[in-house]
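Engineer: Structure here, sequence nowhere to be found:
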């Protein structure tokens, strides 16, 4: 207990003033809260990644990753998503300088690239299911469809969100609450990109080596 | 194609008199309550002031109310189990058939953890944390209301399962393969999974909200090392929520995919892996026990320091211990299943980590003892609960360390010794903690004190009842009795189980005393009115404002320059604080979105459980439309004028002096 006492005494005299500032602005509070949400979303994905890693060899004598994955399609998907992150960044710049037409243009590009990505993913899923490699075939395929599908579901949500936000810009203009939401959307979209980079590596690259 | 999915009249268990009796009582009670509210014309008031309120204080009170109601539900399950085991010895089968008994122990665990302990802890944090931080509300007040709605929705679904269909028979942990469709084809597991998914989303929202509130919106000058300990423990608890609840959501999603779409995560065919569920479940489950206990530790810290009239001993070590527990809680999950068959090294690692977690907990206990030491202690009801906790929790902690030794655990695993251990820490820790907090902060919430005499009677019944009910279970565990037995042949166990049933009866008396305490206090509220806002001679900022606090909490943001900000302000000689100009305050507007979301969530949950697909689509559309309308609304805040604030403050000052 002596050490505790000593720490207490020294601590109180040289108290560091960490975080002693006034309450933060609304923009910072909202973005910070959304960061925390994104962290929780990453935790969700990490649980799915862990399950995938556990079950990757549990193919139940069915097809494994290298029998199924088309590298060309995945390469195009990755290119689309990375490019959409770039256009999303350009959209954020357009919003910061309040250029409405440029905002719409970059948002449209982001939307189209995201939609192409989603379309390719759905085709991949459909062809796998058509070849008898659906999620009920083996534990490996269950984990694959869940992990990749969860990311796809997030992209779908992002597309709906983006469409709603463009409607808000059209009807309400660049109000503080609209720009705050657009900031959150950009964070969300970039996070999906980061998750995809892991997904691409763990599922597709490591799956075919 | 059936329009109502799997739902039909056969879902209602007409052949089971106990279930039908309880359901009838519940339906009649709800009907009477709704009728009374209608006759008295309370609906507009309830809707305006409570249901649509986004005020953290109102939301906190509603969480606590839900928790108290669920305590009654969970406790009636408990007393039924104790009664069954007291009589079902030898050839006797007792009064509960096995499939009903299985539902009762599953419902008891689920309700007590998710719908009693969680809402109670979250309710206390909701009420107290913004007040202690010296701010006007949570970072996201409307999100807070939605989170409450989703919790209520989960509670509703769980209680509907009593009358329509059945509840899970696979225990509160629902391990596969038993919980897979093959072995549990009924809707019980689906009720469990969807109720917890929905309320889990609400809990995650709460976690995000608190972390942001505590880290980003504090009163001017309140550095991290000036935060009250309760805020620190709330921070740790909510960091754990953010890090752990998504794992539960993912795990339940996998089990749902197995059950609904024929996936093979945890099934016994197609190389599914049931043990993966157990691992994932406890990766959430172990942090969960700290999510519950850390805020209780915070309550004890506040209570012990206030009623000893001393600053908390070792504030910094208390903070360090809290954060150490926060991290260590993620490194011990495997001790819930040492018998899985992991190697001795793996079991050894998790055993040692489990023992290490006792160290910061021990630091805390010594800090509380040294705070009491030399203090001028006032033995109020919150203090009794705190001292009862210290004695009881240490015993529970020691049996926990005992089971952290893997060879010992191989003997004690799944026995009543384990049941005694975790009730020892959860009742002795969490329940005693929320009771202390309930008695401590009640006058702040309502402006009058709780009756001390009935409060003390309740405490003593709980304490004595706890020991009589659970100490025999330690003995039974050592005698080899396993958990969840509907009947047993070994007559040597019966006397101990009868004693345990008597203990449950004593706890029942304690609960009755508690109800009487609240009723008597409300009846005599004018006698016990507190006009000062600081009835306990408190130390932290929540006691610096009126009781109950106004919607805006503080007329001017409090300036903080040291720990125990309110205490130090009271000690200063220049008592008359300088007259400050009041400025208008913006508070968030009421919103029905929490209620509407909860409505649609309940509809979606019910439809998914019974495979009523059109209703699922309709519900999802409803949620989407609600969010859209909410996103497009224009004014989010209302302004409270400076005159109104000044008038309130003048009146409060005048009353406080009188």
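Structural biologist: All right, it came through fine. No experiment lies behind these values; they were computed from the predicted model shown.
Engineer: Can you show me the strands along the chain?
Structural biologist: Looking at chain A here, since you left the chain open. Per DSSP state E, chain A carries no strands over any range.
Engineer: Not quite, go with chain B.
Structural biologist: Applying DSSP E to chain B gives strands spanning B:585-588, B:637-640.
Engineer: same for the last one, what does it pack against?
Structural biologist: Pointing back at strand B:637-640 there. With contacts taken as 3 or more Cβ pairs under 8 Å, 6 or more residues apart in numbering or on different chains; DSSP states H and E, strand B:637-640 sits against strand B:585-588. Glycine gets a C-beta too; all of them are placed from N, C-alpha and C.
Engineer: Next: the first one.
Structural biologist: Strand B:585-588 is packed against strand B:637-640, with contacts defined by 3+ Cβ pairs under 8 Å, 6+ apart.
Engineer: who touches the strand it packs on?
Structural biologist: Defining contact as Cβ atoms under 8 Å, 6 or more residues apart in numbering or on different chains, one finds that strand B:637-640 is touched by B:551-552, B:584-589.
Engineer: Next: stretch B:62-78.
Structural biologist: The contact list for stretch B:62-78, computed with Cβ under 8 Å, 6+ apart, reads B:22, B:50, B:104-105, B:107-108, B:111-112, B:115-120, B:122-124, B:126-127, B:148, B:151-152, B:155, B:159, B:434, B:438, B:504, B:507-508, B:511.
Engineer: Which members of those residues additionally contact chain A?
Structural biologist: Contacts with chain A within the contacts of stretch B:62-78, counted by Cβ under 8 Å from any Cβ of the partner chain: none were found.
Engineer: Let me know how buried residue 127 is, in neighbour terms.
Structural biologist: With no chain named, the answer covers chain A. Applying other Cβ atoms under 10 Å in any protein chain shown, we find 13 other residues in the vicinity of residue A:127.
Engineer: The chain in question should be chain B.
Structural biologist: Using other Cβ under 10 Å, residue B:127 has 25 other residues around it.
Engineer: Please name the residues that touch it.
Structural biologist: Residues near residue B:127 by Cβ under 8 Å, 6+ apart: B:56-57, B:60-61, B:64, B:441, B:444-445.
Engineer: who touches the closest residue to residue B:602 other than its chain neighbours in this structure?
Structural biologist: Distances taken as Cβ to Cβ, 6 or more residues apart in numbering or on different chains place residue B:153 nearest to residue B:602, at 4.5 Å, with adjacent residues excluded. The contact partners of residue B:153, taken as Cβ under 8 Å, 6+ apart, are B:198-199, B:202, B:598-599, B:601-602, B:605.
Engineer: right, and the pair among the residues you listed with maximum separation?
Structural biologist: Greatest spatial distance in the contacts of residue B:153: B:199 and B:599, 14.8 Å, computed using Cβ to Cβ.
Engineer: rewinding a little: buried only: go through the contacts of strand B:637-640 for me.
Structural biologist: Among the contacts of strand B:637-640, the ones that count as buried by 16 or more other Cβ atoms under 10 Å in any protein chain shown are B:551-552, B:585, B:587-588.
Engineer: Tell me the one of those nearest residue A:127?
Structural biologist: Closest to residue A:127 out of the buried ones among the contacts of strand B:637-640 is residue B:588 (49.8 Å), distances taken as Cβ to Cβ.
Engineer: Would you agree that closest one is in contact with residue B:636?
Structural biologist: Yes - under the criterion of Cβ atoms under 8 Å, residue B:588 is in contact with residue B:636, at a separation of 6.4 Å.
Engineer: Quick one: list the elements packing against the longest helix along chain A.
Structural biologist: Using DSSP state H to define each element, chain A has its longest helix at helix A:139-172. The helices and strands touching helix A:139-172, judged by 3+ Cβ pairs under 8 Å, 6+ apart, are helix A:26-55, helix A:100-130, helix A:176-199, helix B:229-261, helix B:613-632.
Engineer: In it, which residues are buried?
Structural biologist: Here helix A:139-172 shows A:139-152, A:154-155, A:158-159, A:161-162, A:164-166, A:168-169 as buried, counting by 16+ other Cβ under 10 Å.
Engineer: swap in stretch B:365-380?
Structural biologist: For stretch B:365-380, a neighbour-count test (16+ other Cβ under 10 Å) marks B:365, B:367-368, B:370-372, B:377, B:380 as buried.
Engineer: Poorly predicted segments of the chain, please.
Structural biologist: Defaulting to chain A. Low-confidence segments of chain A (pLDDT under 70): A:1-23.
Engineer: wrong chain, I was asking about chain B
Structural biologist: In chain B (pLDDT under 70), the answer is B:1, B:573-580, B:658.
Engineer: neighbour-wise, which of residue B:199 and residue B:599 wins?
Structural biologist: Higher neighbour count among residue B:199 and residue B:599: residue B:199, with 26 against 18, using other Cβ under 10 Å.
Engineer: Surely the more buried one is in contact with residue B:148?
Structural biologist: No - judged on Cβ under 8 Å, residue B:199 makes no contact with residue B:148 at a distance of 10.2 Å.
Engineer: The closest residue to residue B:565 other than its chain neighbours: neighbour count?
Structural biologist: Nearest non-adjacent residue to residue B:565, counting by Cβ to Cβ, 6+ apart: residue B:541, 5.4 Å away. Here the count is done by other Cβ under 10 Å, and residue B:541 has 25 residues near it.
Engineer: ok, residue B:541 touching residue B:133?
Structural biologist: Yes - applying Cβ under 8 Å, one finds residue B:541 in contact with residue B:133, separated by 7.4 Å.
Engineer: Near residue B:471, how many other residues are there?
Structural biologist: Neighbour count of residue B:471, defined by other Cβ under 10 Å: 17.
Engineer: which residues does it contact?
Structural biologist: Shown in contact with residue B:471 (Cβ under 8 Å, 6+ apart): residue B:420.
Engineer: Quick check: it vs chain A, distance?
Structural biologist: Using Cβ to the nearest Cβ, to the nearest Å, residue B:471 is found at 31 Å from chain A.
Engineer: just residue B:497 next, same as before
Structural biologist: Taking Cβ to the nearest Cβ, one finds residue B:497 at 40 Å from chain A.
Engineer: Over to residue B:265?
Structural biologist: From residue B:265 across to chain A, the span is 5 Å (Cβ to the nearest Cβ).
Engineer: same question, residue B:334
Structural biologist: Distance from residue B:334 to chain A, by Cβ to the nearest Cβ: 14 Å.
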